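Asker: Please work out how this folds:
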Amino acid sequence: MQLISNYRPTQIECPYFLSEDKSETMQRYRIFINTYNSKVGALNKQVKAYNKRVHTFVAEHNLKAQAATANANFKSQKNNNTFNKELSVDDYNALVETTNSKMLLLTKKRYKAVKQAQEATFEVILWLYSQQLIKLRKQLQLLSDGVAVAFPKAQTNSYEIANFTKDGIARVLYCRNTIRNHIYRLREAGVFVEYQSRGGKKPVNYFINEAIFVFRDNTKASIENQQVSELETQKFTLHSVDTRTFTKEIIKKVGNVDNHSQEAEVISFADEKISKNKNTYKITKEDKPLKTSNQNAGKLGGGENFPKNELSEFLRSQVQYKSVLLQSLTAHHYDNYSFSASNMNRRLSTESTDGAMSKQEFRELLLQQFLKLAAPIWKGKDVYYGSWHKAYEQIDDEYLRNPNGSIPRKQTQLYMFGYLVYRITRAKRFFKSKKQYQIHFPCIYFDATRKRPSEGGFAYTVEWLKQYQKYKDMRTTRKQQRATKAGARRRILTTEEKVRDKVKQYIKGEFTLPQVYHYIEQNKGIPNYFVSEVPRILNTLTHKEFDLYEKK
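Answerer: Numbers count the residues shown, from 1 in each chain. Take a look at the predicted model:
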């Protein structure tokens, strides 16, 4: 079986897309997107300068109408069966430069960054494409040996993706228009190429960029005109001892090693949309439809309802081997990680009170989440594996432990983790706004002994936490003071309303004027400023002069 990557074959005989191919494809996708996003700012400056030249040329030669017509016609033209408007931004802008020549009428497109929401949609599209390849392979296997067909494009429909269900449960909580916009953004970034559309309600066809997509072709024939070497799936070197505290019984239950079948493997990437860097621990030999014991893994939002064991199993699947996590951090796969976008808050809260994970497993999950949250601080910087490894050891020794070094219960861990999230989030904001400060490597930054502000360590952020807690305490005090004042104010308003009611009764003839004055004298809670206003109120209502205390 031949691994095909970094090129697109013209023909295939028996395509396979295994779980390890999916993992490699997602890793390549993240590298591709991180590289693209890092260049967006600089490229947009070039686009802005070029468009400024075009606008100047159009204004000088009074060609505004011609420029509008030229841009509309240019977008509707086809290039290799693809409309110009459906090209990636890179290809579109390059074609604009070629077409413009000396007549600067066409403007370039701006580059738009790809966000995490688009990654979730790409993951679902990848699963649907794998099912498409499975169906094609089964059809080819019914034919004679050596029969080859043209490499197929991915065929997707935003309506089908929006209504995609498994076992009657919706797997994508995006509307049709949102999914279509995600596909457009990925197309503009160059993830999807040779894009073809045939109307708003019909499927679109495209290839996944050959720098991203990895699959296999079980063929004995050699493929011509391809200068590639035989590649194998990436194997990470273990630089440290795995410190996971899982027992053999837990490992057998989760299904992470060799003693389980393809059906028991919890790796469904169509369901687990929110998985940022899903790791598969077993190399499969065939690509049967992937299953998951967690039927709600891809369902986001407040309506999510996990049965106890299924939620725990889903969270266990988020815990990676230490070496794999550190390798991903070294490769900058979490430079854009967002804790809120991963929708972990409610899941962790439910697990801490009702889940089946042990407190050791839960702690490791929280520590890995913390490292992913911290990763964007070193975006664009070269951090070695050893530095992340030492930082992980320091964090493991210092945080989410009782004073005697033992592991607290899960509710306490989540409470402590909340403060860690505040501290690292505050640190990220600080380094983002203070460009003049040079951040240390993770192994130095997370050194618990660096407590002074001049030492630039994470330990100093506890002072920020104390200020935050003090502010929260003061906020509580201020809230109580406001509540006390509001109660007194409401009591005064109530007494004023009662006096006004007595005045109204006097106007109706139900009360005499002496009775109104007697009520005012007997109720000491009426403020003096309002007592002096009573004659004015009576004068306004009766158009007569009144003295508060008439002489008899």
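Asker: what's near enough to touch D397?
Answerer: A448 (C-beta atoms under 8 Å, 6 or more residues apart in numbering). The way it works is simple: take the backbone N, C-alpha and C, and place the C-beta from them, glycine included.
Asker: how close does it sit to L186?
Answerer: 42 Å (C-beta to C-beta, to the nearest Å).
Asker: Look at N181 and report its pLDDT.
Answerer: The score at N181 is 90. That number is its pLDDT.
Asker: can I assume F207 sits in a strand?
Answerer: Yes. Under DSSP: H, G, I helix; E, B strand; the rest coil, F207 sits within a strand.
Asker: hang on, it packs against G190?
Answerer: No. The pair F207 / G190 is not scored as a contact, 11.0 Å apart, by C-beta atoms under 8 Å.
Asker: Neighbour count: these two, which is higher?
Answerer: In this view F207 and G190 are compared by other C-beta atoms under 10 Å, and G190 has more residues nearby, 19 against 15.
Asker: gap between that one and V124?
Answerer: Counting by C-beta to C-beta, the gap from G190 to V124 is 19 Å.
Asker: Show me the helices in the stretch 101-250 of the chain, by range?
Answerer: 116-141, 158-162, 176-189, 248-254 (DSSP state H, counting those that start in this stretch).
Asker: can you pull the contacts of L136?
Answerer: 15, 149, 152.
Asker: Out of those residues, which comes closest to A448?
Answerer: A448 lies nearest to P15 out of these, by C-beta to C-beta, at 51.7 Å.
Asker: Who are the contact partners of the spatially closest residue to the closest one that is not a sequence neighbour?
Answerer: In space, and not counting its chain neighbours, P15 is closest to L133: 4.6 Å by C-beta to C-beta, 6 or more residues apart in numbering. For L133, the contact set (C-beta under 8 Å, 6+ apart) comprises 15-17, 152, 215.
Asker: which sections of this structure are below the confidence cut-off?
Answerer: For the chain, residues meeting the criterion pLDDT under 70 lie at 144, 166-171, 200, 219-309, 340-343, 472-475, 524, 543-552.
Asker: by contact count, what packs against the longest helix anywhere in it?
Answerer: In the chain, taking DSSP state H as the definition, the longest helix is helix 461-508. Helices and strands touching helix 461-508, by 3 or more C-beta pairs under 8 Å, 6 or more residues apart in numbering; DSSP states H and E, are helix 410-433, helix 513-522, helix 528-531, helix 534-542.
Asker: Which neighbouring elements make contact with the second one?
Answerer: In terms of contacts (3+ C-beta pairs under 8 Å, 6+ apart), helix 513-522 is packed against helix 461-508.
Asker: just the angle between the helix it packs on and helix 410-433, please?
Answerer: If you take axes from the mean of the first three to the mean of the last three C-alpha atoms, to 10 degrees, helix 461-508 sits at 100 degrees to helix 410-433.
Asker: gap between helix 461-508 and the chain center?
Answerer: Chain-centre distance of helix 461-508: 40 Å, with C-alpha atoms, centre = their mean, to the nearest Å.
Asker: So what does the residue lying closest to R216 once chain neighbours are set aside have for phi and psi?
Answerer: Closest residue to R216 apart from its sequence neighbours, by C-beta to C-beta, 6+ apart: Y16 at 4.2 Å. Y16 has phi and psi values of phi -130, psi 140 when expressed as degrees, to the nearest 10.
Asker: Ok, the one 5 residues further on next?
Answerer: With angles defined as degrees, to the nearest 10, D21 shows backbone torsions of phi -70, psi -40.
Asker: Over to I4?
Answerer: phi -120, psi 120.
Asker: which residues in the stretch 251-400 of the chain form helices?
Answerer: Using DSSP H, counting those that start in this stretch, helices in the stretch 251-400 of the chain cover 308-318, 322-330, 345-354, 359-374, 385-398.
Asker: about what we covered before: so which of the helices of the stretch 101-250 of the chain is nearest V54?
Answerer: Using C-beta to C-beta, the helices of the stretch 101-250 of the chain put helix 176-189 closest to V54, at 19.9 Å.
Asker: Can you check what angle separates that closest one from helix 116-141?
Answerer: 80 degrees.
Asker: Which of the residues in helix 176-189 are classified as buried?
Answerer: Judged by neighbour count using 16 or more other C-beta atoms under 10 Å, the buried positions of helix 176-189 are 176, 179-189.
Asker: Packing partners of that helix?
Answerer: Counting by 3+ C-beta pairs under 8 Å, 6+ apart, helix 176-189 packs on helix 116-141, helix 158-162, strand 192-196.
Asker: If we use 6 Å, what do you get?
Answerer: Judged by 3 or more C-beta pairs under 6 Å, 6 or more residues apart in numbering; DSSP states H and E, the packing partners of helix 176-189 are helix 116-141, helix 158-162.
Asker: would you list the ones you listed in JSON lines and tack on distance to F511?
Answerer: Shown next, in JSON lines, are the helices and strands packed on helix 176-189 (distance: least, C-beta to C-beta, whole Å):
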{"stretch": "helix 116-141", "distance to F511": "68"}
{"stretch": "helix 158-162", "distance to F511": "68"}
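Asker: To S76, which of the ones you listed lies closest?
Answerer: helix 158-162 (21.7 Å).
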